[in-house]
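>>> predicted structure and sequence below. I'll ask about it afterward.
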Amino acid sequence: MASIASAAVIGGGVIGGGWAARLALNGIAVKVYDPAPDAERTLTDIVENAARALAKLSPSLSLTRGAITFCASLEEAVAQTPFIQESVPERLAVKQAVHAEIGKFAPAGALVGSSTSGLLPTHIQASMSGPERMFVAHPYNPVYLLPLVELVAGKQTGAQTISKARQLFQSLGMKPVVIRKEIDAFVGDRLLESLWREALWLLHDDVATVDEIDDIISHSFGLRWAQMGLFMTYRLGAREAGMRHYLNEFFAPCLKWPWTHLMDVPELDAALVEKIAEQSDAQAGDRSIRELERIRDDNLVAIIRALRNSGAAGWGAGAVLAEHERRAAQTAPGLRPSGLRPSGLRLLEAPVQPQWLDEHGYLSDTGYADILCQSIQALCHHLGMNTAHFGLRMDQLKLNRTLDLDSLMDIYCTVRPIAWDDVRLQTFHQIHRQADGQLLATAEMTSIHMDLRTRRECPVEEPALERLKTLAEARPAPPH
Ligand SMILES: NC(=O)c1ccc[n+]([C@@H]2O[C@H](COP(=O)([O-])OP(=O)(O)OC[C@H]3O[C@@H](n4cnc5c(N)ncnc54)[C@H](O)[C@@H]3O)[C@@H](O)[C@H]2O)c1
């Protein structure tokens, strides 16, 4: 549960929009100030994309949404607001002017973060009043999905500011890392910059194309980095010989080899710019930025979900999500009886899959069974089960088709626990067409709770059992 009720976002572009989405989707009321005429439309699109991605990432986290209000002035946005995040263009003079204004109108105890990718907080806070409130909170795009935020203090940042900021970002489901020394571009962008400079050389020298460089990254160490970073990955490369041996025997001599151009950066002249732009356009083909963003988000959702189910507590970015869900479960408004729809929880929304249809284009028996199994899987996630180790296996199914439709488009499925004993769970499901809510089928299913490692039945454990009881005993919400 977030530790604040309201926040202000100054600058509502790619990053400000991402912050607004993360804050609002954590139940926080967000006030936005951005003078651009199309800012509201851009930001609304970003928030809708974010809501879609977050609902897939974690159905149990997408229950409450804070209101987003556009303000006519910066003063209106920051007045009486405990947390202000600035995301205006990366120019020191612009940032300084905006922070001077924030300093004038923000409450004395507010936290004031800047999304700058590399400017020093000492310079940004130089001409503001109350500079002890200001620090860098550098996120990664898309802010609503990627958990990392680098926190950097300037010379005038207060001793308590960074520890308060750390708690705040944790409550937003993020992974704050406090950077120990204030340096240009902090840590993440420095690492990226070194890879970027080397890539420019490889492209300049015709060693590889844009497409080939991206394939090399995304099909090999990119996947390793997503779950173990750099040093842990090398540690595994060292195997039993250990890191010391590996560093002395392998890396030390390598560092003297001519394996990098890093100190010698190619001129980003018109020819090189044209070369990159042409290859990048060809790589994207007909796909729009919005389509590519959705593909990227779906991929990130899949990776982070997989990492959440790794081991008992998740791994890397997945461990951050698991911890955020655990905290949210303790205060989840969705578990109150009034939060349940009479028909149950809407946990599964999906486009119709070709394999669900029979040769006449109707939803087949196996299609229904697949949808119901997926909704049971979504229920397991909602209950906070560790789905790497435990699962619900279908034992009996009673299906009632209400209507056969041959143009289904997307569907959604609701699920409601009816009864359970030590190892069995009985659930009631409704499958609807998403476009108009048309009921297609209802089903009663009995599932067995299994330990997937021993392949034996086993009782549902806490905290999932407690959440199951609360759900099953919840009374339907009264009609509005
Ligand atoms: N794009 C990224 O991948 C990324 C990642 C991390 C951090 N950042 C940092 O985030 C900040 C914003 O970057 P972006 O990519 O969102 O830029 P952007 O150009 O998409 O958005 C900037 C927004 O600020 C608004 N703006 C300009 N002057 C303003 C003012 N005086 N008051 C309020 N709003 C104002 C603009 O209208 C625009 O909507 C930069 O400091 C950037 O370095 C960017």
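Perfect, I can see it now. Numbering: from 1, shown residues only.

>>> so where's the stretch 51-200 of the chain shaky on pLDDT?
Applying pLDDT under 70 to the stretch 51-200 of the chain picks out residues 59-60, 62-63.

>>> and the pLDDT at the residue nearest to Gly311 when sequence neighbours are not counted?
Spatial nearest neighbour of Gly311, excluding adjacent residues (CB to CB, 6 or more residues apart in numbering): Ala388 at 7.1 Å. To be clear about C-beta, it is placed using only N, CA and C from the backbone, and glycine gets the same treatment. pLDDT, Ala388: 79.

>>> let me see the contact set for Ala388.
By CB atoms under 8 Å, 6 or more residues apart in numbering, the residues touching Ala388 are 309-311, 452.

>>> what's it sitting at in phi/psi?
phi -70, psi -30 (degrees, to the nearest 10).

>>> again with Asp451
phi -90, psi 110.

>>> doesn't Val460 make contact with it?
No - using CB atoms under 8 Å, Asp451 is not in contact with Val460, being 10.8 Å away.

>>> those two - which one has more neighbours?
Val460 (22 against 14; other CB atoms under 10 Å).

>>> kindly provide the distance from the more buried one to Val423.
8 Å (CB to CB, to the nearest Å).

>>> quick check: neighbours shared by the two?
By CB under 8 Å, 6+ apart, the residues touching both Val460 and Val423 are His449.

>>> burial count for the closest residue in space to His245 that isn't next to it in sequence?
The spatially closest residue to His245, leaving aside those adjacent along the chain, is Ala238, at 6.7 Å (CB to CB, 6+ apart). Ala238: 16 surrounding residues under other CB under 10 Å.

>>> now Ala238. Its backbone dihedrals?
The phi/psi pair for Ala238 (degrees, to the nearest 10) reads phi -70, psi -20.

>>> do Glu461 as well
With angles defined as degrees, to the nearest 10, Glu461 shows backbone torsions of phi -100, psi 170.

>>> what ranges do the strands span in this protein?
6-10, 29-33, 68-70, 83-86, 111-114, 134-139, 148-153, 175-178, 345-351, 390-401, 410-420, 424-433, 439-451, 456-457 (DSSP state E).

>>> to Ala464, which of these lies closest?
Closest approach to Ala464 among the strands of the chain is made by strand 390-401 (8.0 Å; CB to CB).

>>> pull out the buried residues from that closest one.
390-392, 397 (16 or more other CB atoms under 10 Å).

>>> circling back: overlap in contacts, Asp451 and Val460.
With contacts taken as CB under 8 Å, 6+ apart, Asp451 and Val460 have Phe390 as neighbours in common.

>>> now do the same contact list for the spatially closest residue to Leu403 that is not a sequence neighbour.
Nearest residue to Leu403, sequence neighbours excluded (CB to CB, 6+ apart): Leu440, at 5.8 Å. Applying CB under 8 Å, 6+ apart to Leu440 gives the contacts 363, 401-403, 405, 408, 411, 431-433.

>>> filter those to the buried ones?
Buried members of the contacts of Leu440, scored by 16+ other CB under 10 Å, are 363, 408, 411, 431-433.

>>> so how far is Arg294 from the residue nearest the centre of the chain?
When CA atoms, centre = their mean is applied to the chain, the residue found nearest the centroid is Leu145 (1.9 Å). To Arg294, Leu145 is 12 Å away according to CB to CB.

>>> quick check: the residue of the stretch 151-300 of the chain nearest the ligand.
Asp189 (8.2 Å; CB to the nearest ligand atom).
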